[in-house]
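Novice: From the sequence below, what's the structure:
(one chain, ligands or ions: 2)
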Amino acid sequence: MTAYFECYVCSDQSETRTCDRCRNRLRGAIAALPELYVHLTMSRQRAKGGGGDGRSSKRLHAPVPGDERVLNLLGSASRQPITGAKDQVGDTPFLAVLETWCEALADERGLTRVRKHVTPMTARLTAHLGWICEQPWVVDFDEEIRGLVRTVQGITMTRPRKILLKGVRCPSCDELAMFRYYPGDWAAECGRCPAVKLDKRDYDALVTSQAIGLQGVKS
Ligand SMILES: [Zn+2]
Ligand SMILES: [Zn+2]
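Specialist: Ligands and ions are numbered 1, 2, ... in the order given. This is a model prediction of the structure:
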(Lines give C-alpha, C1' and ligand atoms only; values in the text may rest on other atoms or scores of the structure.)
(Ligands and ions follow the chains in the order given, each with its own letter.)
Protein backbone atom coordinates (compact mmCIF):
# COMPACT_ATOMS: atom_id res chain seq x y z
CA MET A 1 0.00 0.00 0.00
CA THR A 2 1.31 3.36 -0.99
CA ALA A 3 1.46 6.20 1.45
CA TYR A 4 0.10 9.46 0.10
CA PHE A 5 1.11 12.96 0.97
CA GLU A 6 -0.09 16.38 0.06
CA CYS A 7 2.52 17.88 -2.21
CA TYR A 8 4.31 20.63 -0.28
CA VAL A 9 4.11 22.95 -3.26
CA CYS A 10 0.71 22.42 -4.89
CA SER A 11 -1.14 20.38 -2.23
CA ASP A 12 -2.14 17.68 -4.72
CA GLN A 13 -2.04 14.09 -3.59
CA SER A 14 1.37 12.64 -4.24
CA GLU A 15 3.40 9.56 -3.43
CA THR A 16 6.29 11.85 -2.63
CA ARG A 17 6.52 14.96 -0.51
CA THR A 18 6.73 17.10 -3.62
CA CYS A 19 4.83 15.76 -6.61
CA ASP A 20 6.61 14.87 -9.85
CA ARG A 21 5.06 17.75 -11.68
CA CYS A 22 6.24 20.38 -9.19
CA ARG A 23 9.65 18.73 -8.99
CA ASN A 24 10.04 18.75 -12.77
CA ARG A 25 8.89 22.33 -13.02
CA LEU A 26 11.40 23.33 -10.39
CA ARG A 27 14.16 21.40 -12.13
CA GLY A 28 13.31 23.22 -15.36
CA ALA A 29 13.36 26.59 -13.59
CA ILE A 30 16.81 25.95 -12.13
CA ALA A 31 18.06 24.74 -15.50
CA ALA A 32 16.87 27.96 -17.13
CA LEU A 33 18.82 30.22 -14.78
CA PRO A 34 22.29 30.21 -16.37
CA GLU A 35 20.95 31.34 -19.73
CA LEU A 36 18.69 33.92 -18.09
CA TYR A 37 21.69 35.32 -16.28
CA VAL A 38 23.42 35.82 -19.62
CA HIS A 39 20.35 37.61 -20.98
CA LEU A 40 20.29 39.78 -17.89
CA THR A 41 23.94 40.70 -18.31
CA MET A 42 23.26 41.65 -21.92
CA SER A 43 20.39 43.85 -20.77
CA ARG A 44 22.77 45.73 -18.54
CA GLN A 45 25.02 46.49 -21.48
CA ARG A 46 22.05 47.90 -23.31
CA ALA A 47 21.03 49.78 -20.21
CA LYS A 48 24.45 51.37 -20.03
CA GLY A 49 24.14 52.64 -23.55
CA GLY A 50 27.19 50.95 -25.02
CA GLY A 51 25.03 49.52 -27.72
CA GLY A 52 27.74 48.70 -30.20
CA ASP A 53 26.95 51.70 -32.38
CA GLY A 54 30.46 53.03 -31.93
CA ARG A 55 29.40 55.76 -29.54
CA SER A 56 30.99 56.17 -26.21
CA SER A 57 29.39 54.22 -23.44
CA LYS A 58 30.90 56.49 -20.84
CA ARG A 59 28.21 59.07 -21.17
CA LEU A 60 25.78 58.84 -18.33
CA HIS A 61 22.25 57.98 -19.19
CA ALA A 62 19.32 58.67 -17.01
CA PRO A 63 17.90 55.33 -16.06
CA VAL A 64 14.74 54.39 -17.87
CA PRO A 65 12.20 52.17 -16.15
CA GLY A 66 13.50 48.64 -16.08
CA ASP A 67 17.18 49.47 -16.08
CA GLU A 68 17.19 49.90 -12.39
CA ARG A 69 15.72 46.46 -11.96
CA VAL A 70 18.49 45.00 -14.10
CA LEU A 71 21.14 46.72 -12.04
CA ASN A 72 19.51 45.62 -8.80
CA LEU A 73 19.38 42.05 -9.94
CA LEU A 74 23.00 42.12 -11.00
CA GLY A 75 24.09 43.92 -7.85
CA SER A 76 26.96 42.40 -5.95
CA ALA A 77 25.62 39.41 -4.12
CA SER A 78 24.80 41.18 -0.93
CA ARG A 79 23.97 39.05 2.04
CA GLN A 80 20.49 40.28 2.62
CA PRO A 81 18.55 37.69 4.50
CA ILE A 82 15.79 36.19 2.47
CA THR A 83 12.80 35.76 4.66
CA GLY A 84 9.61 34.25 3.52
CA ALA A 85 10.19 35.39 -0.04
CA LYS A 86 7.65 38.18 0.28
CA ASP A 87 8.31 40.80 -2.33
CA GLN A 88 11.97 40.00 -2.16
CA VAL A 89 12.38 38.78 -5.67
CA GLY A 90 13.40 41.68 -7.82
CA ASP A 91 15.22 43.42 -5.03
CA THR A 92 17.41 40.52 -4.04
CA PRO A 93 20.19 40.16 -6.57
CA PHE A 94 20.13 37.10 -8.79
CA LEU A 95 23.30 35.55 -7.40
CA ALA A 96 22.31 36.30 -3.81
CA VAL A 97 19.15 34.24 -4.19
CA LEU A 98 21.17 31.25 -5.33
CA GLU A 99 23.88 31.85 -2.79
CA THR A 100 21.47 31.92 0.12
CA TRP A 101 19.96 28.60 -0.85
CA CYS A 102 23.34 27.02 -1.58
CA GLU A 103 24.58 28.08 1.83
CA ALA A 104 21.50 26.74 3.57
CA LEU A 105 21.96 23.48 1.70
CA ALA A 106 25.66 23.29 2.57
CA ASP A 107 24.89 23.92 6.24
CA GLU A 108 22.14 21.38 6.48
CA ARG A 109 23.90 18.67 4.51
CA GLY A 110 27.48 19.36 5.62
CA LEU A 111 28.71 20.13 2.12
CA THR A 112 31.68 22.13 0.97
CA ARG A 113 30.85 25.58 -0.40
CA VAL A 114 30.47 26.06 -4.11
CA ARG A 115 31.87 28.89 -6.14
CA LYS A 116 29.49 31.83 -6.25
CA HIS A 117 28.94 31.63 -9.96
CA VAL A 118 25.68 30.76 -11.61
CA THR A 119 26.52 27.36 -13.05
CA PRO A 120 28.23 25.80 -10.01
CA MET A 121 25.36 27.00 -7.84
CA THR A 122 22.60 25.76 -10.14
CA ALA A 123 24.47 22.44 -10.54
CA ARG A 124 24.61 22.10 -6.77
CA LEU A 125 20.91 22.85 -6.35
CA THR A 126 19.98 20.42 -9.11
CA ALA A 127 22.16 17.68 -7.62
CA HIS A 128 20.31 17.99 -4.32
CA LEU A 129 16.87 18.67 -5.70
CA GLY A 130 15.57 15.28 -4.60
CA TRP A 131 16.49 16.06 -1.03
CA ILE A 132 15.25 19.64 -1.24
CA CYS A 133 11.88 18.31 -2.41
CA GLU A 134 11.57 16.39 0.85
CA GLN A 135 11.96 19.50 3.00
CA PRO A 136 8.96 21.61 4.02
CA TRP A 137 10.79 24.76 2.92
CA VAL A 138 10.73 23.56 -0.67
CA VAL A 139 7.66 25.76 -0.99
CA ASP A 140 9.77 28.88 -0.31
CA PHE A 141 12.55 27.60 -2.51
CA ASP A 142 10.09 27.01 -5.32
CA GLU A 143 8.58 30.45 -4.94
CA GLU A 144 11.93 32.22 -5.01
CA ILE A 145 13.50 30.25 -7.83
CA ARG A 146 10.46 30.42 -10.07
CA GLY A 147 9.89 34.02 -9.06
CA LEU A 148 13.44 34.81 -10.14
CA VAL A 149 12.87 33.09 -13.46
CA ARG A 150 9.65 35.03 -14.05
CA THR A 151 11.23 38.33 -13.08
CA VAL A 152 14.23 37.89 -15.33
CA GLN A 153 12.12 36.60 -18.20
CA GLY A 154 9.94 39.68 -17.84
CA ILE A 155 12.87 42.10 -17.84
CA THR A 156 14.75 40.43 -20.67
CA MET A 157 11.58 39.71 -22.64
CA THR A 158 12.38 36.02 -22.88
CA ARG A 159 9.16 34.79 -21.35
CA PRO A 160 8.08 31.68 -23.26
CA ARG A 161 4.97 31.88 -25.43
CA LYS A 162 2.21 29.32 -25.31
CA ILE A 163 1.83 27.50 -28.61
CA LEU A 164 -1.20 25.38 -29.32
CA LEU A 165 -0.34 21.93 -30.67
CA LYS A 166 -2.91 21.72 -33.37
CA GLY A 167 -4.82 18.56 -34.06
CA VAL A 168 -3.53 16.61 -31.09
CA ARG A 169 -5.92 15.31 -28.47
CA CYS A 170 -5.08 15.16 -24.80
CA PRO A 171 -4.64 11.52 -23.77
CA SER A 172 -6.65 12.19 -20.63
CA CYS A 173 -9.58 14.48 -21.54
CA ASP A 174 -9.53 13.92 -25.31
CA GLU A 175 -9.81 17.64 -26.00
CA LEU A 176 -7.77 19.58 -28.55
CA ALA A 177 -6.13 21.51 -25.74
CA MET A 178 -2.50 20.50 -25.95
CA PHE A 179 0.12 23.23 -25.98
CA ARG A 180 3.77 23.82 -25.28
CA TYR A 181 5.89 26.75 -24.24
CA TYR A 182 8.42 28.14 -26.66
CA PRO A 183 11.25 28.57 -26.00
CA GLY A 184 11.53 26.07 -23.20
CA ASP A 185 12.16 22.50 -22.32
CA TRP A 186 10.19 20.38 -24.69
CA ALA A 187 7.00 19.39 -22.94
CA ALA A 188 3.45 19.15 -24.18
CA GLU A 189 0.80 20.07 -21.67
CA CYS A 190 -2.96 20.04 -21.62
CA GLY A 191 -4.74 23.29 -20.89
CA ARG A 192 -7.44 21.39 -19.00
CA CYS A 193 -5.57 18.63 -17.21
CA PRO A 194 -2.83 19.90 -14.91
CA ALA A 195 -1.44 16.39 -14.54
CA VAL A 196 -0.80 15.94 -18.25
CA LYS A 197 2.75 16.80 -19.22
CA LEU A 198 4.46 14.82 -21.93
CA ASP A 199 8.08 14.88 -22.94
CA LYS A 200 9.05 14.89 -26.58
CA ARG A 201 9.18 11.11 -26.84
CA ASP A 202 5.78 10.58 -25.25
CA TYR A 203 4.32 13.36 -27.32
CA ASP A 204 5.66 11.85 -30.54
CA ALA A 205 4.25 8.49 -29.50
CA LEU A 206 0.88 10.14 -28.87
CA VAL A 207 0.87 11.85 -32.25
CA THR A 208 1.80 8.60 -33.95
CA SER A 209 -0.86 6.61 -32.17
CA GLN A 210 -3.53 9.20 -32.99
CA ALA A 211 -2.41 9.36 -36.57
CA ILE A 212 -2.83 5.63 -37.05
CA GLY A 213 -6.22 5.80 -35.43
CA LEU A 214 -5.60 3.91 -32.23
CA GLN A 215 -8.35 4.46 -29.73
CA GLY A 216 -8.20 4.58 -25.98
CA VAL A 217 -4.74 5.99 -25.46
CA LYS A 218 -4.91 6.45 -21.76
CA SER A 219 -1.39 6.23 -20.46
ZN1 LIG B 1 2.90 19.48 -6.57
ZN1 LIG C 1 -6.59 17.10 -20.97
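
Novice: which helices and strands does the longest helix seen in the chain pack with?
Specialist: In the chain, with assignment by DSSP state H, the single longest helix is helix 20-48. Applying 3 or more C-beta pairs under 8 Å, 6 or more residues apart in numbering; DSSP states H and E, we find helix 20-48 packed against helix 67-74, helix 94-109, helix 118-127, helix 129-132, helix 138-156. Glycine gets a C-beta too; all of them are placed from N, C-alpha and C.

Novice: The closest residue to Arg23 other than its chain neighbours - how many residues pack around it?
Specialist: Counting by C-beta to C-beta, 6 or more residues apart in numbering, Arg23 lies nearest to Cys133, which is 5.2 Å off, once chain neighbours are set aside. A total of 22 residues lie near Cys133 under the criterion other C-beta atoms under 10 Å.

Novice: my guess is Cys133 meets Arg27, correct?
Specialist: No. In this structure, Cys133 is not within contact of Arg27 by C-beta atoms under 8 Å, at 9.4 Å.

Novice: export the helices and strands packed on helix 20-48 to JSON lines and tack on mean pLDDT, mean neighbour count and distance to ligand 1?
Specialist: Shown next, in JSON lines, are the helices and strands packed on helix 20-48 (pLDDT from 0 to 100; neighbours: other C-beta atoms under 10 Å; distance: least, C-beta to the ion, whole Å):
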{"stretch": "helix 67-74", "mean pLDDT": "81", "mean neighbour count": "18", "distance to ligand 1": "27"}
{"stretch": "helix 94-109", "mean pLDDT": "96", "mean neighbour count": "19", "distance to ligand 1": "19"}
{"stretch": "helix 118-127", "mean pLDDT": "98", "mean neighbour count": "18", "distance to ligand 1": "18"}
{"stretch": "helix 129-132", "mean pLDDT": "98", "mean neighbour count": "16", "distance to ligand 1": "14"}
{"stretch": "helix 138-156", "mean pLDDT": "94", "mean neighbour count": "20", "distance to ligand 1": "9"}
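
Novice: between those helices, which gets nearest to ligand 2?
Specialist: helix 138-156 (22.9 Å; C-beta to the ion).

Novice: what's next to that closest one, contact-wise?
Specialist: Helix 138-156 is contacted by residues 8-9, 17-18, 22, 25-26, 29-30, 32-33, 36-37, 39-40, 42-43, 66, 69-70, 73, 82, 84-85, 88-90, 94, 97, 101, 125, 132, 135, 158-160 when judged by C-beta atoms under 8 Å, 6 or more residues apart in numbering.

Novice: Just give me how far it sits from the chain centre.
Specialist: Helix 138-156 sits 6 Å away from the centroid of its parent chain (C-alpha atoms, centre = their mean, to the nearest Å).

Novice: follow-up on the earlier one: show me just the buried residues among the contacts of helix 138-156.
Specialist: Burial by neighbour count, 16 or more other C-beta atoms under 10 Å: within the contacts of helix 138-156 this picks out 8-9, 17-18, 22, 25-26, 29-30, 32-33, 36-37, 40, 43, 69-70, 73, 82, 85, 88-90, 94, 97, 101, 125, 132, 135, 158.

Novice: Among those residues, which ones lie close to ligand 2?
Specialist: Applying C-beta under 5 Å from the ion, the subset of the buried ones among the contacts of helix 138-156 adjacent to ligand 2 is empty.

Novice: check contacts around the most centrally placed residue in the chain.
Specialist: Nearest to the mean C-alpha position of the chain, by C-alpha atoms, centre = their mean, lies Ala29 at 1.8 Å. For Ala29, the contacting residues are 145-146, 149, by C-beta under 8 Å, 6+ apart.
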